[in-house]
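Undergrad: sequence? don't have it. structure:
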Ligand code: UT7
């Protein structure tokens, strides 16, 4: 997919949802050997949202309803649902089916994408390709994770890092050439799988085996290895994308990186030569919500009326797999 093709695809609407329960860093000080100071200094996180009940689909539904409302569409106008998540409601049926039923999208088919923190970037390319090919007219693209379902809240190395949330957008044809989802750079390197994983619950280590250890059901992360790779690869992917499009860093209006650590975000922003004002940060209030970080950040920018037609937005991610990538979006929203 590139500028030489003559069908253009855009993000016509975007919305997000975070559960109402705010968990600040003091909460963890009460029972873990940690401190507000350590968490803020090492990660940039001040607070996050925890869903006290429900599943990932319950985070998606309010965001999806608002996304449809903003575009003035009904559930039956959606013909494909893609849910990017590593915390599906069930192993099967897929979460797209749960969302289809709960929302009443009676004309839709769909499926889930598992690419961890790169879920939304991979999902955007998939959805855009479907619309470009004519396979779908309007895709409801959801990035959502209930990270508390896989989080060991008694392990300070992970408890403080994640939150729950959802971001949803609608992908459809663009009425303007050269606007919308323009191009992307996507990668996977399975040799990095050992550094960020949850091993139990799949076919390798089914949950019912008596020798499954509780920690196998939680996140395992070798933070420093992931950190270094995230900085290098998000930077490289973004530079490669700019080069492909014959653009420079000066052409970027907004850079929306995956939100895993403020130090990663700042380091990538500096390597790209971007001023702080162009680098979008939401990790302070919502922590790492995996597939939801990028679409929710985009939705908040839109709500703050900061997105203008023609803005060059680059989204970039890095996560388990390793998976990583970057996409260029030239903003062209639906205007009622
Ligand atoms: O979203 C998917 C991709 N994920 C990422 O991109 C995350 C990348 N990695 C990171 O963001 C950082 O590596 C972490 C935030 C996970 C960890 O920060 P760090 O500065 O790399 O710390 P570290 O893992 O090197 O640990 C340093 C020390 C350790 O103590 P010792 O062994 O030196 O005594 C940890 O046990 O910090 C300790 N520590 C904590 N101390 C207080 C780890 N977590 C905490 C905590 N409170 N919550």
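TA: That came in fine, so what should we check first? Everything numeric in this text was worked out from a predicted model, so none of it was measured.

Undergrad: when you work out contacts or count neighbours from here on, use the C-alpha atoms and nothing else.
TA: Noted.

Undergrad: anything in the helix or strand bottoming out on mean pLDDT in the chain near the ligand?
TA: Lowest by mean pLDDT, DSSP states H and E among the helices and strands of the chain is strand 220-221, with a mean of 94. No. On the criterion CA under 6 Å from any ligand atom, strand 220-221 is out of touch with the ligand, staying 7.2 Å away.

Undergrad: and the next helix or strand past that strand?
TA: Downstream of strand 220-221, the first helix or strand assigned by DSSP states H and E is helix 223-244.

Undergrad: the next helix or strand after that following helix - what's its average pLDDT?
TA: Downstream of helix 223-244, the next assigned helix or strand under DSSP H and E is strand 254-257. With pLDDT averaged residue by residue, strand 254-257 scores 98.

Undergrad: what about strand 254-257 and the ligand, touching?
TA: No. Applying CA under 6 Å from any ligand atom, one finds strand 254-257 separated from the ligand by no less than 10.7 Å.

Undergrad: what packs against that strand?
TA: helix 293-303, strand 312-319 (3 or more CA pairs under 8 Å, 6 or more residues apart in numbering; DSSP states H and E).

Undergrad: between the ones you listed, which gets nearest to residue 264?
TA: strand 312-319 (10.4 Å; CA to CA).

Undergrad: so what's residue 332 closest to, chain neighbours aside?
TA: Leaving aside its sequence neighbours, residue 332 sits nearest to residue 309 (CA to CA, 6 or more residues apart in numbering; 5.1 Å).

Undergrad: ok, that neighbour - contacts?
TA: By CA atoms under 8 Å, 6 or more residues apart in numbering, the residues touching residue 309 are 330-333.

Undergrad: list phi and psi for the most centrally placed residue in the chain.
TA: For the chain, the residue nearest the mean C-alpha position is residue 291 (2.9 Å; CA atoms, centre = their mean). With angles defined as degrees, to the nearest 10, residue 291 sits at phi -70, psi -10.

Undergrad: and it, what pLDDT?
TA: 98.

Undergrad: that one against residue 120, yeah?
TA: Yes. Contact criterion CA atoms under 8 Å: residue 291 and residue 120 qualify, at 5.6 Å.

Undergrad: overlap in contacts of these two?
TA: 84, 143.

Undergrad: to the ligand, which of the helices and strands packed on strand 254-257 lies closest?
TA: strand 312-319 (4.3 Å; CA to the nearest ligand atom).

Undergrad: please name the strands paired to the closest one in the sheet, noting orientation.
TA: strand 254-257 (parallel), strand 323-330 (antiparallel) (DSSP bridges).

Undergrad: in JSON lines, list these along with mean neighbour count and distance to residue 57.
TA: Output for the strands paired with strand 312-319, formatted as JSON lines (neighbours: other CA atoms under 10 Å; distance: least, CA to CA, whole Å):
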{"stretch": "strand 254-257", "mean neighbour count": "24", "distance to residue 57": "24"}
{"stretch": "strand 323-330", "mean neighbour count": "25", "distance to residue 57": "23"}
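
Undergrad: make JSON lines from those strands and add distance to residue 55 to it.
TA: Shown next, in JSON lines, are those (distance: least, CA to CA, whole Å):
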{"stretch": "strand 254-257", "distance to residue 55": "25"}
{"stretch": "strand 323-330", "distance to residue 55": "24"}
